[in-house]
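[1] Turn this into a model:
(one chain, ligands or ions: 1)
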Amino acid sequence: MRNVAILLYSLRSRILCCETVALSNPAVGLGSTVQLSHNRKGVFSTLTSIILSALCLTSYAQFDTTVDFSKLGGWQAEPGWLPNPAERPVSQARGASAEFQVNEPRTGMKWRLVRVPDHLMASGYLVVRYRAVDVALSSDYLFWVFDAKPGGHSLAPLSLLKNDGQWHTLSIDLEQTDASGHVTGLAVHVQAGDKAPASLRIESLSFREDPPAETDLYPQPPVQEVSIVESFDKASEWQPHTSWLDNPEEAATIVDDEGAALMTVSSAGKGMKWSKRFEQPLDLSEARYVALRYRAENLAPSGDYFVWIGSEAGGRPQEYETLLPLHQVEDDGRWHVYVAPLKKQFRIAEMAIQTQAEVSPGKAWIDYVKFTSRKPLIPMADYLACSKGSARWGKSTWGG
Ligand SMILES: [Ca+2]
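    Take a look at the predicted model:
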């Protein structure tokens with residue numbers, strides 16, 4: 001049953017997180033390269049609703065999977081993975097615990113977990129209880145995960161270790177490290193400096209939905225709580241850009257509609273982009289999540305953006321990010337709140353939005369885009385089709 005819970009949680013994560021990178025990022029991009037049929041979207045949407053409903057009703061939404069190393073075929077030393085492999089590395093697995101040791105100064109070893117449990121998902125937190133002695137700290141990885149990203153990626157650097165021989169708990173926020181999909185492999189790394197042996201004892205390693213109360217967190221949570229809102233309550237601030245796309249509809253409109261901006265494109269197969277420039281750029285340095293409330297009807301799904309942000313005005317900035325691509329927009333006429341980790345932290349000088357009509361008329365409403373330092377809790381009312389605008393959104397609702 002726990003595996004089912006993990007699978008469900010993973011599906012939820014996939015739904016909530018911007019996993020798919022838009023194929024055309026610059027605001028002026030013309031790309032409409034990813035096309036999904038509305039039927040497929042509809043089926044997925046229905047499936048999504050069923051799964052989300054099930055999640056609300058089941059107590060299995062919380063998961064905690066401790067990896068029992070003794071059942072997994074052990075750890076394989078990979079001397080070819082580093083330039084200074086130790087000659088006599090030691091690894092031992094006993095039940096949930098494992099010990100790694102390098103015996104010669106200025107050498108190291110990387111070990112690969114031979115087999116990982118089925119259904120282990122790269123979501124939630126990787127929680128590690130460990131004790132380290134004389135490990136050389138550096139920016140090289142402590143843990144490496146093989147997941148949906150080709151070749152895998154680092155989860156945390158060696159420099160995080162507290163090297164004092166005491167027990168510590170480290171919780172790695174997997175979403176923040178950009179982990180996603182199934183965990184197909186895991187590796188651990190130990191380096192000795194001038195002093196040897198260097199050892200790392202892992203008492204337990206588990207994948208959990210939430211970190212424990214007493215823990216070191218990685219990445220470090222933001223220093224300052226922030227809540228930055230674009231409220232979309234003045235349509236006149238949004239300028240159309242017919243030159244930013246190859247199929248503009250000159251007559252497309254953007255108007256105020258009860259606290260939201262309503263974009264309308266009347267001709268099937270046409271679209272429009274609008275942007276708003278911020279005289280005072282929005283500083284996202286402490287923001288970690290984005291929440292976007294919208295609804296849409298008759299939109300054409302494409303790889304280009306629905307909402308986009310850039311570090312400079314004009315459409316071709318140094319830094320930019322697609323907050324939500326058009327093909328991930330739920331096109332069922334209902335209000336949705338899309339929540340995802342923010343991949344980049346920069347100062348927003350311009351935000352751009354786009355509507356593409358598959359059939360006439362294509363309509364999309366955006367109520368708000370909100371950037372927060374903590375994962376936002378969205379009131380149920382925001383998902384209801386009857387609720388309009390964000391007038392009721394006070395600071396207290398968001399806790400920020
Ligand atoms: Ca609004």
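[2] Skipping adjacent residues, who's closest to residue 233 in space?
    Nearest in space to residue 233, with sequence neighbours left out and distances taken as Cβ to Cβ, 6 or more residues apart in numbering, is residue 259 at 5.5 Å. Heads up, the C-betas are built off the backbone N, CA and C, glycines and all.
[3] go on, residue 214?
    Distances taken as Cβ to Cβ, 6+ apart put residue 169 closest to residue 214, at 6.4 Å, once the chain neighbours are dropped.
[4] now do residue 284
    Distance criterion Cβ to Cβ, 6+ apart; nearest residue to residue 284, sequence neighbours excluded, is residue 345 at 4.7 Å.
[5] Also residue 327?
    residue 301 (4.0 Å).
[6] thinking again about what came up before, please verify my assumption that the residue nearest to residue 233 contacts residue 229.
    No. Residue 259 is beyond contact range of residue 229, at 12.0 Å (criterion: Cβ atoms under 8 Å).
[7] on that earlier part again, tell me, what's the model's pLDDT at the residue nearest to residue 233?
    At residue 259, the pLDDT value in this model is 95.
[8] circling back to that earlier point, helix, strand or coil for the residue nearest to residue 214?
    Classification of residue 169 using DSSP: H, G, I helix; E, B strand; the rest coil returns strand.
[9] Tell me the spacing between it and residue 321.
    In this structure, residue 169 and residue 321 are 32 Å apart, going by Cβ to Cβ, to the nearest Å.
[10] same thing with residue 123?
    Applying Cβ to Cβ, the value for residue 123 to residue 321 is 21 Å.
[11] What are the contacting residues of the helix or strand hosting residue 276?
    Using DSSP states H and E, residue 276 sits in strand 271-283. Residues outside strand 271-283 that contact it (Cβ atoms under 8 Å, 6 or more residues apart in numbering): 27, 228, 230, 237-242, 244-245, 247-249, 252, 254, 263, 265, 300, 311, 313, 315, 347-357, 362, 371.
[12] Quick check: buried residues in it?
    By neighbour count on 16 or more other Cβ atoms under 10 Å, the buried set for strand 271-283 is 271-277, 282.
[13] Equivalent analysis for stretch 102-121, please.
    In stretch 102-121, counting by 16+ other Cβ under 10 Å, buried: 102-104, 107-113, 116-117, 120-121.
[14] so where do the helices sit in the stretch 301-400 of the chain?
    395-398 (DSSP state H, counting those that start in this stretch).
[15] now the chain
    Per DSSP state H, the chain carries helices over the ranges 2-16, 38-57, 395-398.
[16] Pick out the shakiest of the ones you listed, pLDDT-wise.
    helix 395-398 - the lowest mean pLDDT of those, at a mean of 30.
[17] Quick one: name the residues of the stretch 51-200 of the chain near the ion.
    Near the ion, no residue belonging to the stretch 51-200 of the chain is found when assessed by Cβ under 5 Å from the ion.
[18] OK, contacts around the nearest residue to residue 95 once chain neighbours are set aside?
    By the measure of Cβ to Cβ, 6+ apart, the closest residue to residue 95 outside its immediate chain neighbours is residue 70, 5.2 Å from it. Residues in contact with residue 70 (Cβ under 8 Å, 6+ apart) are 93-96.
[19] Cross-check the contact I'm expecting between residue 375 and residue 289.
    Yes. Using Cβ under 8 Å, residue 375 is in contact with residue 289, at 5.3 Å.
[20] Check which residues of stretch 331-346 are buried.
    331-332, 335-342, 346.
[21] Out of those, which is nearest to residue 177?
    residue 341 (9.8 Å; Cβ to Cβ).
[22] ok, what's across the strand from the closest one?
    residue 289 (DSSP bridges).
[23] Kindly report the same for residue 368.
    With DSSP bridges as the rule, residue 368 is bridged to residue 293.
[24] pretty sure it is touching residue 261, no?
    No. Counting by Cβ under 8 Å, residue 261 is not a contact partner of residue 368; they are 9.8 Å apart.
[25] more crowded one of these two?
    Taking other Cβ atoms under 10 Å, residue 368 and residue 261 do not tie; residue 261 has more neighbours (26 against 21).
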